[in-house]
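A.B. asks: Need coordinates for the following:
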Amino acid sequence: MIVRGWHFAFDTGEDAALATLYYPGDDRRIGEARLTGQVPALEAEAPWPVVIMMPGINVAPDGYRWLAHRLVADGLCLITYAIIGSLGPAGQGITPGIDLSALTPDTIGTRPSSTALGPLLAHLAPLAHPAPAAGNTPVTGMLDLDRVVVGGHSAGGTVALHNSDPEWVPGLRAVFTYAAHTMTAVDLGHGEGAVLAVPAKVPILLTGGTGDGVIAASRDRYRTSDNPTGNNPTSDNAAGNNPTGDDGGAHDPIHRTFKEAIGRRRGDSWLVELKGTGHFAICWPVDTTSGRSYLEPDPVNAEPATRELLGNLISCFIAASLGRGSVSQMEQLVEHPAVNRWDRC
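C.D. replies: Numbers count the residues shown, from 1 in each chain. From the prediction side, this is the model:
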């Protein structure tokens, strides 16, 4: 087996969107791709569950290719994409695709806030079944759109969490994130330090690191200028960085998201915090020409052992959520020495 990528564009309605679907290629049939570069798929484990990775703001999707290699080895396919759209006052750039008007106090929970997931799945639908209309692609007839997993990094993870509802994302079975939370900017009208609830109709894995300098530097978004501490009088955990793992008034939006935003209590959702890891630990290599990696000290690239642990956590979570693996594997992984703290609900 070799990991191959099939590149395509999809229509979001307004912004340009390019994507790559990584799939298991049949290394015994490379000769058939001598002139085309399209290696036929390895059919033994097809149809494959589909994992969609939503990018962080101005994070090039190539940074998630290592994760594609990790998950394709499990008999999955993984899609990365980049939409070039509005970043508000920052102009245009790479975005996971988010409709902020769907996250106001009057609209949240009434409709999807992702502008990418619906169009992307609609584009893939004809490929799920072999038919002339599906076109000539190496993945035609190989996709299992009844088993969809959505992952996300940073802002992409926030969008994934807010759309964790199979009624909005057909076939959705699980959501995983790194360095993502649902504490919302005061500009959306929810008040200071507000953590927004998410549908959570599927299992959720929240991961992050104690060395996240981007989340720490972004705290001004969640407070007003007349409240310099950022404290939310209705919350017991809204100010200050807290590497020790207790709830002593820390600006710890990932932990608060797990405690306050996820109403699901079935024992299949997890919070895992890794020791010393930064905002871009899920990317390799980190593109230091884009995004806000300068907010963290060198080296911004996580150690290989950290990526291996993160990949194993995501892999085991997906396997358990799809009924392809035992939850006991997650129970063992969270006891790893590199895990600072974990929780389960």
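A.B. asks: for the stretch 201-345 of the chain, what are the low-confidence residue spans?
C.D. replies: Applying pLDDT under 70 to the stretch 201-345 of the chain flags residues 224-250, 299.
A.B. asks: try 90
C.D. replies: Confidence mapping of the stretch 201-345 of the chain against pLDDT under 90 gives the ranges 216-251, 290-291, 293-294, 296-302, 325-326.
A.B. asks: Helices of that one, start to end?
C.D. replies: Using DSSP state H, counting those that start in this stretch, the helices of the stretch 201-345 of the chain run over 213-217, 253-256, 304-321, 328-333.
A.B. asks: Take those helices and write them to TSV, including distance to residue 90 and mean neighbour count.
C.D. replies: In short, each C-beta sits where N, CA and C put it, glycine included. Output for the helices of the stretch 201-345 of the chain, formatted as TSV (distance: least, C-beta to C-beta, whole Å; neighbours: other C-beta atoms under 10 Å):
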stretch	distance to residue 90	mean neighbour count
helix 213-217	14	18
helix 253-256	20	24
helix 304-321	28	20
helix 328-333	37	15
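A.B. asks: residues in contact with residue 110?
C.D. replies: Residue 110 makes contact with residue 102, according to C-beta atoms under 8 Å, 6 or more residues apart in numbering.
A.B. asks: For it, grab phi and psi.
C.D. replies: phi -100, psi -20 (degrees, to the nearest 10).
A.B. asks: again with the one 4 residues further on
C.D. replies: Summarising the backbone geometry of residue 114 under the convention degrees, to the nearest 10, its torsions are phi -90, psi 130.
A.B. asks: Kindly report the same for residue 113.
C.D. replies: phi -100, psi -10.
A.B. asks: wait, doesn't it sit right on residue 104?
C.D. replies: No. Residue 113 lies out of contact with residue 104 (C-beta atoms under 8 Å); the separation is 10.1 Å.
A.B. asks: So for these two, which residue has more residues nearby?
C.D. replies: Taking other C-beta atoms under 10 Å, residue 113 and residue 104 do not tie; residue 113 has more neighbours (22 against 13).
A.B. asks: how many neighbours does the residue lying closest to that one once chain neighbours are set aside have?
C.D. replies: Leaving aside its sequence neighbours, residue 113 sits nearest to residue 102 (C-beta to C-beta, 6 or more residues apart in numbering; 3.9 Å). Here the count is done by other C-beta under 10 Å, and residue 102 has 17 residues near it.
A.B. asks: Residue 102 - that's part of a helix, no?
C.D. replies: Yes. Counting by DSSP: H, G, I helix; E, B strand; the rest coil, residue 102 is located in a helix.
A.B. asks: wait, residue 55 sits on residue 64?
C.D. replies: Yes. If you go by C-beta under 8 Å, residue 55 and residue 64 touch, sitting 7.2 Å apart.
A.B. asks: overlap in contacts of the two?
C.D. replies: Overlap between the contact sets of residue 55 and residue 64, as judged by C-beta under 8 Å, 6+ apart, is given by 80, 153.
A.B. asks: Can you pick out the residue with more neighbours from the two?
C.D. replies: Comparing residue 55 with residue 64 by neighbour count (other C-beta under 10 Å), the higher total belongs to residue 55, at 29 against 26.
A.B. asks: Report the buried residues of stretch 165-184.
C.D. replies: In terms of neighbour count (16 or more other C-beta atoms under 10 Å), stretch 165-184 has its buried residues at 165, 168-169, 171-184.
A.B. asks: Sorry, wrong one. I was asking about stretch 334-345.
C.D. replies: Quick answer for stretch 334-345 (16+ other C-beta under 10 Å): 334, 338, 339, 340, 342, 345.
A.B. asks: which one of those sits closest to residue 120?
C.D. replies: residue 345 (29.0 Å; C-beta to C-beta).
A.B. asks: who's in contact with residue 68?
C.D. replies: Residue 68 neighbours (C-beta under 8 Å, 6+ apart): 3, 5, 22, 53, 78, 80.
A.B. asks: For residue 184, see how far away the closest residue to the third one other than its chain neighbours is.
C.D. replies: The shortest distance from residue 22 to any non-neighbouring residue, by C-beta to C-beta, 6+ apart, is to residue 68 (3.8 Å). Look at residue 68 and residue 184: by C-beta to C-beta, to the nearest Å, they are 30 Å apart.
A.B. asks: Where does residue 84 fall, secondary structure wise?
C.D. replies: strand 77-86 (DSSP states H and E).
A.B. asks: still on that earlier bit, just the buried residues of stretch 165-184: which are in helices?
C.D. replies: Among these, none falls in helices (DSSP state H).
A.B. asks: That concludes my questions; thank you for your assistance.
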